[in-house]
Structure formats: C-alpha cells, structure tokens
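J.: Just a sequence and a predicted model for now, questions to come.
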Amino acid sequence: MSQEIEKKVFRGRIKVPYKHTAGAYVEKFITEIGKNNKIFGVKCPKCKKVYVPPKMICFECFEKMEEWVEIGNQGIVKGFTVITHSTPVMPLEPPFAYGIIRLDGADTDFVHIIKESDPEKLKIGMKVKAVFKEKPRKRILDIEYFEPIQ
Ligand SMILES: [Zn+2]
C-alpha cells in the first residue's frame, strides 16, 4: 500500500566565515600581483618546473623550491566552464568563465576568471592576459580577471 506524503521543504543559508594563513609563498605572490602587477612563480632546482601559484615543495621531486621567477601576464586557455547564472558570491555579472590558464613561462595551470561577454568566442588554446585591479586588496582577485587577446 502506498501513501503519498506531502513533503515540506525549508530553505536556509548557513554562512561560514573563515580565515586561513596564506603562508610566506602565497603572501609574496599576492603582494607582487597587487603592488607591482607582476606574476611570480617558483622554479624547482632539480626538474626546473615553474609552479604558479608558487608551492614550497616540488610535487614531482619533493625538492624545496626557493628560486622566484617572474612570468608573463599572458597565457593560453586550457579549459573553461561558462557561468550563466548569477548568485550573490559571483565576482562578476554572468556570463563569464572560470578558466584553466597556463601562463607563459609556467609549467602548471592556474584557475581564474575569464571575462568575455560572448561565451561563444571562448576557445581552448586562445590567448588571454591578466587585467589587474586598480585598488588591490591583497587577494587573488587583485588579478581582476583574464581577457582574450584579439
Ligand atoms: Zn622538481
């Protein structure tokens, strides 16, 4: 015997504010972006791989990395997903994309926003460049977004 039960749904939202320490590497990385509009990575002394964002230890050979290298503010889109629906936490008004970007001079990928009002124009392999925030706030969004290079 089946009996239909009316389900009631209560909607709520739980805010969970948090802070975490950035660490010395992320601190330098974010400071260079905000103060000097420069993007830095760190280079492994053994395999020569350049990590952006910087990591303290190479994932491949477990060497400590201490050589900072300035890399370009341009890169290639390796993948992306288009955001079409707005929520209060969106950094930009949709449509925009979250992209996987390989910056020139880096050997790792970097996830950031790609601003393109016509998402149909986004392509894997396209060139993008960083647009820096005029008033930096010591956050990764001091690179406000990446935009396609025509
Ligand atoms: Zn290495």
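T.: Yep, it's here. Residues are numbered from 1 along each chain as shown.
J.: so when I look at residue 33, I'm seeing a strand, right?
T.: No - the assignment for residue 33, made by DSSP: H, G, I helix; E, B strand; the rest coil, is helix rather than a strand.
J.: which residue sits closest to it in space, ignoring its chain neighbours?
T.: Nearest non-adjacent residue to residue 33, counting by C-beta to C-beta, 6 or more residues apart in numbering: residue 142, 4.8 Å away. Where you see a C-beta, it was placed from the backbone N, CA and C, and this is true even at glycine.
J.: Please list all residues in contact with that neighbour.
T.: 30, 33-34, 132-133, 136 (C-beta atoms under 8 Å, 6 or more residues apart in numbering).
J.: any chance of these in a markdown table, plus pLDDT?
T.: Compiled in a markdown table, the contacts of residue 142 are given as follows (pLDDT from 0 to 100):
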| residue | pLDDT |
| --- | --- |
| 30 | 92 |
| 33 | 94 |
| 34 | 92 |
| 132 | 95 |
| 133 | 91 |
| 136 | 85 |
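J.: For those residues, give me JSON lines that also has neighbour count.
T.: Output for the contacts of residue 142, formatted as JSON lines (neighbours: other C-beta atoms under 10 Å):
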{"residue": "30", "neighbour count": "20"}
{"residue": "33", "neighbour count": "24"}
{"residue": "34", "neighbour count": "20"}
{"residue": "132", "neighbour count": "16"}
{"residue": "133", "neighbour count": "15"}
{"residue": "136", "neighbour count": "18"}
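J.: on that earlier part again, from residue 63, how far off is the residue nearest to residue 33?
T.: 29 Å (C-beta to C-beta, to the nearest Å).
J.: what do you get for residue 15?
T.: 41 Å.
J.: who has more neighbours, these two?
T.: The neighbour comparison of residue 15 against residue 63 (other C-beta atoms under 10 Å) goes to residue 63, with 13 against 4.
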